[in-house]
Structure formats: C-alpha cells, structure tokens
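pasting the sequence and the predicted coordinates here, then a few questions.
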Amino acid sequence: MASAEELQKRVDTLQRQLRKAGDHLKRLAAENGALGEQVEKLNEREAQLQTQMQESTGLATGYQEEIARLKVDNQRLNDSKENVKGGDSKGSQSKVRQLEKRVAELVAQNEAAASLADGRIGEWEVAAKEWTADLGLASGSDTAAVIQVVKSRLLQTPVVNGNVNDDSSLELSQLRNSKQALEQSNKELGLKIKAHADGEAAVSVLLSEGLYSVDSIPDAVPTALRAGLEAVANKLKQLQTASQEENSRHETRVAELEAQVEEANTKLSESTSAREELAQDYDHLLQRIGTMKDALTAKMSGESEELKRLRKEVATAKSATASAEKAVTQSESTVRGLEKSLKTLRGEADETKRALWESQESANRVQSEYAESVDESARQISALQARLVAAEAQLEADGMQRDQLEDRVEQLQSDLNQALNAEGQWVGEREVHLVTIQNLQGALERLQESKDAEVDMAVENLRDELRMATKDLRAAVARAERAEGQLRKSELSGATAEQYQQRIAEQVGELERLRHEVAVLKDHLNESMRRLREESSEFNLDKRVITNLIVGFLALPYGDSKRYEILQLMSSILQFTEEQQEKAGLIRKAGKRPPMQSAPGTPTPGSEMGDLSVETKDSFGDQWISFLLRESSSTRNKRL
C-alpha cells in the first residue's frame, strides 16, 4: 500500500519532469533564435568583407597613383636643382639673394612637409592601433584589417565601417595643400632659373657682339656676385645631397608601402577564402536547420495518435479517482454505522455490568447475613458448651438431676445439629452465589470478547476498503505517470507543450486532492482505532487492585496457600505468558502445577479459620467486581 508521502514524492517528481521539459523547449527556442542571429551576423560580415574588398582595391589604385605623382615631383625637383647647378649666373646680386632666400624657403617647406608627413604617418599608425582595438582585432594577428583602416584615410572620402572620418579628410586636404604649395614653389624656382638663364644668354650676346669686353666684365659683375653664385652653388650641392637622401627615404618608404599593399592583397585573398568558408558553413547550417524542422514535423505528426491515447488514459484515471472517492464515502458511512453499533454494544455492556453490580450487592447482603448467623451460632454453641460444662458439674454434684440434664444435653445436641445444618445450607447458598458471580463474570468476558471481535472485524473491513481505495489511487497515479512519460518523450513544440503541461497540472491537482482525501480518511480511521483502544478495558488496569494484590501477597506467610491463589489472580489479570508463569512459580517446566498443600508447620484451615478464609476470598472477589464497575463507569464518562 503506497503511503501519502510516496504519492507526494511521485507528484513532486512529475512536476520536476514537467519543468525540465518546459526548460528544454525554452532552450531549443533560444538556440533557434541564436542561430538566426548568427545567420544575420554572417550576412552582415559578408557585406562588410565585400565593402572592404572594394575599398582595398580602390585604395591600392589611388595609393599607387599617389606614389607615381610623388616620383614625378621628385624628378622635377632634381632636374631643377641640376639646371641651377650647371648654369653661370649673370644676374644681379639682389636676384641671387632672392634666389637663395627662395631656395631656403623651398628647403624649409620641403623639410616641413617631410616632418608633417612623418608625423601624419605616426598619427595614422596610432590611429590604426586604436581602430584595431575598436574593431576587436588582435595586435599583429590581422594586419590586413589594420592596413585597410590606414588606407581608408588616404582616399578622397575615407570610410571606416561605413562612416566618413572628418579628421582624415582634413589631414588629407592639408597634405594636398602642402603639395600644391611645394609645386608652386618649384614653378617659381623654375621661372627664376629661367630668368637667370636668360640673363646669362644676354651677357653672352653682349660679349659676342663686342659691346663689352671680357676685361670689363669684372667691373660689370661685382666680385660679391661671384661669391654669391659660389655660395648658391654650394647651397645647391647641399640641397642636392639632402634631396638624394630624401629621395632614398621616399623610395624606402614607397617600397615598404608596396610591401604593405602586397600583404594587404594577401590578407584580402585570405579574407575572401574565409568568407567562402563562412558561406559554406552558413549553407551547411541552413541544411541542418531544414533537416531538424522536417524531423520535428514528422515526429509531431506521428505522435498525434499517442496524444489521443494519453487523453483517454487521463479520462480513465479521472473515472478511477471518482470511483475511489465513492469508495472512500462508502467507507466513511460504514465507519459511522460501526460506531453506532459500538455505542449500542457499550450500552448493553453497561446494562450487564449494572446487573452484575446488583447481583454483587445481593451476594454481599447474603454474605453479611451468613456471617451474622455464623456468629450467632458460634455464640449459641459457646453458651451451650458453657451450660453443658455447668450441667456436668452439677450432675456430678447432684446425681439426682442426671437424667434431666442428659435430656437437656440431648436437646442441646439436637439444637447444635440444627445449627450445623443451617450453617451447611448457608455454605451451599454462598457457593451458589459464587458460581453465579463466576458465570456473570464469564458472560461479561465473552461479551467483551465478542465486542472486541466485532470491532476488529469492522476495523479490518475498513482497512480492506482503504486498501482497495489506495490501490485504485495507485493505479490512477501509475497511469498518470505513464502518460507523463509518453508526453515527455514526445517533446512537442512550445504551444502544444504548454497546453499539455496545463492539462497535466490539472490532473496533478486532482491527484493531490485525492491524496488529501485519502490522508483525511486515514486520519479518521487512526482516530477511531485510537478511541477504540482507549475505551477498551482490555488494556486498562486499576492501580488500587494491583496494589492490594501485591500488598496481600507480601503480607501472607511463605507457606500459605493463598499466596498461590493471589499469584493466579494476578496472572489472569495481567495475562502472564508461560515463561512469566514459570518465573513466578505458577507452573513447572514439565507442565505440572505446584502442590497446593500447606507447608509443614502451617495450620490447615479448619472450622475456626473458615471465616477468615471466606472473608479473604470474598475481599479478592469484591476487588475484582469493583474494578470492573470502575472501568465501566470510566468508559461511560469518556463517551459522555
């Protein structure tokens, strides 16, 4: 028989399994949503890779064009310097100073442009590192991404992640302005060099035409001009050396940039291959999702019949619970009927005890009358004996009255015989009363046994009915558990699973209600059994009776036979077992009772001890009957 705790454990287990199934469905839905987000991210990543490829291609083209323009500008600057170095200055000293000043300005501008370019490159490298950190790229692990970000700042409209950077546009415009200023300076230097060349040609013409002689040239061209020209030549040499060094640095930088462009192209090809792999993974993922959807659809369609069967089992379980409730109701009505019959039996037992009490009172009255008559007879016998002694003495003293005295003695003897006969009659009546009391006591015990048997039978019937109801309830719980197992194996979609969870929750509530009713019925049954045990006199004893028996047993001498009678009475009241009777000395191991003769030296109860014997036995019987009456009154008080 399954207890209420086992049913509660099964219900809790069922609820936990339902919660696990719901959590599993929620996790599947979350995984499906995560897969959708991953697909969207893959699409966005693919679009970004395509945009980066286009930007990288345009950036590489623009960068190569920029390098070509820088090479052309360098070549022009070198040609201009060579032209200045190879010509003979025929201009004035002021023009030479202006030329030197302009060349110094151009050199300063060139150095400023170079330092600005170096600073911009450093800033771009720092910005590239920051952009690498912003883009989540590891340092040194994805150089292509860094190069693409740096290249985006060199475009006409640099783009980083789809947004135009205003700082990059401003820096590029400043660089273009510096380049245009350098080109303008080169143009002005070229014009000045051309004017200087025209002056030299004019001087040559004058010399060839003879307008001036060679000797007059030193006067026309001061010495300071020659010194200035030499200084200009030296300055041009220094500029040429610095320009060559600058060209070498530019060539090195261009080579590095070309290497970076090649590395960027390599990374671009790698990113393209990675994009293709991601596309393949995406297609494979879509195929898996489609396969899972098909399998889930087939599984849902295949388990519809199983769900119908589960619904039928749930309906059967409900009907079984209804029948169990009906059986419980019938059991309660049976318990009430048994309680009524028990009250009736208790009333009959009270009437029997009342009759026993009346018979006991009559027996006590008879015993008191018998005791009085015995005392009166004893007094008469004593008086007769005294009179007989006096008569004998008188007979001896007076022989004349012998015959009269003998007649009187015969008369007294006949009176004594009559008294003895009356005493025998009283003894017979007493034995009859004792037999009547024993019969009443036996009838009371049989009535109590029949009442206990009926109560035990009623309790056993109630237990059988409760066992059947519990069995039906266990069968219903088992069917519900099988239905829950089938439902858990099905793993339906979210909405269908929630519907079945709601239905199962309702059935769980129904099972809990049935479990509660069974527990209440069990409590009622236990309470009824407890009351029956409390009200039954089988397990109740009067302490005063036991105390009187023990005190009387200890007060008697060791050889007195009444000690054995007291032990027998205690054994019958306390229901000693055979082992306890052996230990008490009531029975021997061989099964023979000990002899009831008195020990040597102990007087046998005779006529003079008859009254004491009768009074002792009657006191034990009185105590036993008073014990029964007290038990009946206590039971009646409890019931009231």
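Alright, I've got the coordinates.

which segments of the protein make up each domain?
Listed by automatic domain parsing, the domain ranges of the chain are 4-296, 540-640.

flag every buried residue along stretch 26-40.
Going by neighbour count (16 or more other Cβ atoms under 10 Å), nothing in stretch 26-40 comes out as buried. Bear in mind the C-beta positions are built from the backbone N, C-alpha and C, glycine included.

same question for stretch 309-329.
Using 16+ other Cβ under 10 Å as the test for burial, stretch 309-329 gives 310, 313-314, 317, 320-321, 324-325, 327-328.

so which of those residues sit within helices?
310, 313-314, 317, 320-321, 324-325, 327-328 (DSSP state H).

and the residues you listed as CSV, adding distance to residue 286 and pLDDT?
Formatted as CSV, those follow (distance: Cβ to Cβ, whole Å; pLDDT from 0 to 100):
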residue, distance to residue 286, pLDDT
310, 35, 73
313, 40, 75
314, 40, 73
317, 44, 71
320, 50, 72
321, 49, 72
324, 54, 70
325, 55, 73
327, 59, 72
328, 59, 70
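
need the max-distance pair from those residues.
Distances among those were taken as Cβ to Cβ; the most separated pair is 310 and 328, at 26.5 Å.

run a quick neighbour tally on residue 301.
Other residues near residue 301 number 9, with proximity taken as other Cβ atoms under 10 Å.

do the same with residue 504
Residue 504 has 22 neighbours, counted by other Cβ under 10 Å.

distance check, it against residue 13.
Going from residue 504 to residue 13 by Cβ to Cβ, to the nearest Å gives 13 Å.

so residue 317 sits against residue 507, correct?
Yes: if you go by Cβ atoms under 8 Å, residue 317 and residue 507 touch, sitting 6.9 Å apart.

avg pLDDT for the helix or strand harbouring residue 567?
Residue 567 is part of helix 562-574, with elements assigned from DSSP states H and E. The predicted model assigns helix 562-574 a mean pLDDT of 80.

packing partners of the very next helix or strand once past that helix?
Downstream of helix 562-574, the next assigned helix or strand under DSSP H and E is helix 578-584. Here helix 578-584 touches helix 562-574, going by 3 or more Cβ pairs under 8 Å, 6 or more residues apart in numbering; DSSP states H and E.

so for the helix it packs on, what gets flagged as buried?
Neighbour count says helix 562-574 has 562-567, 569-571 buried, by 16+ other Cβ under 10 Å.

elements contacting that helix?
Using 3+ Cβ pairs under 8 Å, 6+ apart as the contact test, the elements touching helix 562-574 are helix 543-555, helix 578-584, helix 610-639.

the same query, at a cut-off of 6 Å, please.
On a contact count with 3 or more Cβ pairs under 6 Å, 6 or more residues apart in numbering; DSSP states H and E, helix 562-574 meets helix 543-555.

what's the average pLDDT for the helix it packs on?
So the average pLDDT for helix 543-555 ends up being 80.

cool, stretch 251-266 as well?
Stretch 251-266 shows a mean pLDDT of 78.

for it, buried residues please.
The neighbour-count check on stretch 251-266 (16+ other Cβ under 10 Å) flags 254, 257, 260-261, 264 as buried.

tell me the one of those nearest residue 28?
The closest of the buried residues of stretch 251-266 to residue 28 turns out to be residue 264 (Cβ to Cβ; 43.3 Å).

how close does that closest one get to residue 47?
According to Cβ to Cβ, residue 264 stands 20 Å off from residue 47.

secondary structure element holding residue 588?
Per DSSP H and E, there is no helix or strand for residue 588.

okay, now it: neighbour count?
Residues near residue 588, counting by other Cβ under 10 Å: 11.

go on, residue 461?
Neighbourhood size, residue 461 [other Cβ under 10 Å]: 14.

excluding covalently adjacent residues, which one is nearest to it?
Using Cβ to Cβ, 6 or more residues apart in numbering and skipping residues adjacent in sequence, the residue nearest residue 461 is residue 334, 6.8 Å away.

sec struct for the one you found, please.
Assigned with DSSP: H, G, I helix; E, B strand; the rest coil, residue 334 falls in the helix class.

how many residues are close by it?
A count of nearby residues for residue 334, using other Cβ under 10 Å, gives 14.

before we move on, what about residue 21?
Neighbour count for residue 21, taken as other Cβ under 10 Å: 21.

and for residue 286?
The local packing of residue 286 (other Cβ under 10 Å) involves 12 other residues.

pull the contacting residues for it.
Counting by Cβ atoms under 6 Å, 6 or more residues apart in numbering, residue 286 makes contact with nothing.

from residue 40, how far out is it?
Computed with Cβ to Cβ, the distance linking residue 286 and residue 40 is 13 Å.

repeat for residue 558
Counting by Cβ to Cβ, the gap from residue 558 to residue 40 is 109 Å.
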